[in-house]
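[1] Provide a 3D model corresponding to the input given below.
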Amino acid sequence: MIDVTDRHCRYFHRLLSPRARLYTEMITTGALLHGDVGRHLDFDPAEHPVALQLGGSEPDALAQSARLGERWGYDEINLNCGCPSERVRRGAFGACLMAEPRLVADCVRAMQDAVSVPVTVKHRLGLDHDESYGFVRDFVGMLHESGCRVFIVHARNAVLKGLSPKDNREKPPLRYADAARLKQDFPDAVFVLNGGLADVQTSLDWMTRLDGVMLGRAAWHHPDILTELDRRMAPDDVLPAPFAVLEAWFDYVTAQHASGVPLHLMMRGVLGWPTGRPGARQWRRMLSDPAQLRAEGPQILRRAWEALT
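    Numbers count the residues shown, from 1 in each chain. Here you go, the predicted structure:
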């Protein structure tokens, strides 16, 4: 979810879902150790619980980055071993790390030694066209021995040659049964299912077999799925009405815009919010039009809302 789940998107998602655990986009160790730490790690306290997802393959660099994340206030440090993009492969991290479980175990141990918050791993089920269950079982087993107890499983292989990142999210077949099998083989660990989950009922069904679900593109394209999951999981909770969400978001956008944040960066995460409602196309058109954003500023949110009603 690089360039997707930035701090503005996460703040909006928190307004929709008080219960969800939010994750940053993947941030590389190089960006933290040699770049602007505040730009990468700053977040609003309302986002808690929020996890920092790191990309890297050097234990020392990951330990230093994890320490920064804990110091900045993150509730969890997550190591990405699932991203298959070419940019990530050139950096020798992401999904290609699954071919080096001992190195990943060393990275996990180094991060655990550096911080007191949980260190977790996000991974795929396999690499390229090897769909043997033994591959992922051995990978998880080695990390389990290192002390890792939380695994976020994208239930597809990562094909490192021949498929684009988009194709890697869609073409390798989903193997939910193998993800559930991991839970049987490592009953003391937490397994969160990721990949292909696009509706509320399917997500709820899998939460009865595993410990949770992670939604990526579904939450980006249809943010209301977060609210509906909260409503179904905790029907007695009182969730904010859509207009209350809009007003809270308007206040946030106004404050951020006044501090110099460009409007178009904050609007990306809300474009799909009213999908399926009358006026949704007009909402997207208005909030993605650079000229209108410049001319109207944050007030465009209220005018776009009127187009929905």
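[2] Skipping adjacent residues, who's closest to Pro59 in space?
    Excluding the flanking residues, the one nearest Pro59 by C-beta to C-beta, 6 or more residues apart in numbering is Ala110, at 3.6 Å. Using the backbone N, CA and C atoms, a C-beta is placed for each residue, glycine as well.
[3] Revised request: answer the last question for Cys83.
    Gly94 (3.8 Å).
[4] So that neighbour versus His48, what's the distance?
    Gly94 is 27 Å from His48, where distance means C-beta to C-beta, to the nearest Å.
[5] tally of neighbours for the residue nearest to Pro59?
    By other C-beta atoms under 10 Å, 19 other residues sit near Ala110.
[6] That one looks like it's in a strand, true?
    No: Ala110 sits outside any strand when classified using DSSP: H, G, I helix; E, B strand; the rest coil, being helix.
[7] got the contact list for Phe135?
    98, 125-127 (C-beta atoms under 8 Å, 6 or more residues apart in numbering).
[8] from the residues you listed, which is closest to Pro84?
    Comparing the contacts of Phe135 against Pro84 with C-beta to C-beta places Leu127 closest, at 8.9 Å.
[9] and the closest one, what pLDDT?
    At Leu127, the model reports a pLDDT of 93.
[10] Hmm, it is touching Arg156, no?
    No: using C-beta atoms under 8 Å, Leu127 makes no contact with Arg156, being 10.9 Å away.
[11] Between the two, tell me which one has more neighbours.
    Neighbour count, other C-beta under 10 Å: between Leu127 and Arg156, Arg156 has more, with 25 against 20.
[12] What separation do you get for the closest residue to the more buried one other than its chain neighbours and Pro274?
    Once flanking residues are discounted, Arg156 sits nearest to Pro172: 4.1 Å by C-beta to C-beta, 6+ apart. Using C-beta to C-beta, Pro172 is found at 32 Å from Pro274.
[13] same deal with Leu197?
    Taken as C-beta to C-beta, the span from Leu197 to Pro274 is 21 Å.
[14] same check, this time on Ser132
    44 Å.
[15] and if you look at Leu52?
    In this structure, Leu52 and Pro274 are 30 Å apart, going by C-beta to C-beta.
[16] Of those two, give the one with the bigger neighbour count.
    Leu52 (26 against 22).
[17] Beyond the helix or strand that that one is a member of, next helix or strand please.
    When elements are assigned from DSSP states H and E, Leu52 belongs to strand 50-55. Next helix or strand after strand 50-55 toward the C-terminus (DSSP H and E): helix 59-72.
[18] Quick one: mean pLDDT for the next helix or strand after that next one?
    For helix 59-72, the succeeding helix or strand toward the C-terminus, using DSSP H and E, is strand 76-81. Averaged over strand 76-81, pLDDT sits at 97.
[19] before we move on, what about stretch 233-243?
    90.
[20] For it, what is the spacing between the initial and final residues?
    Using C-alpha to C-alpha, to the nearest Å, the end-to-end distance of stretch 233-243 comes out at 22 Å.
[21] Quick check: which ranges of the stretch 151-300 of the chain have low pLDDT?
    Within the stretch 151-300 of the chain, not a single segment meets pLDDT under 70.
[22] Please enumerate the helices of it.
    Applying DSSP state H, counting those that start in this stretch to the stretch 151-300 of the chain gives helices spanning 165-168, 176-185, 200-207, 217-221, 224-233, 242-258, 263-267, 280-287, 290-296, 300-308.
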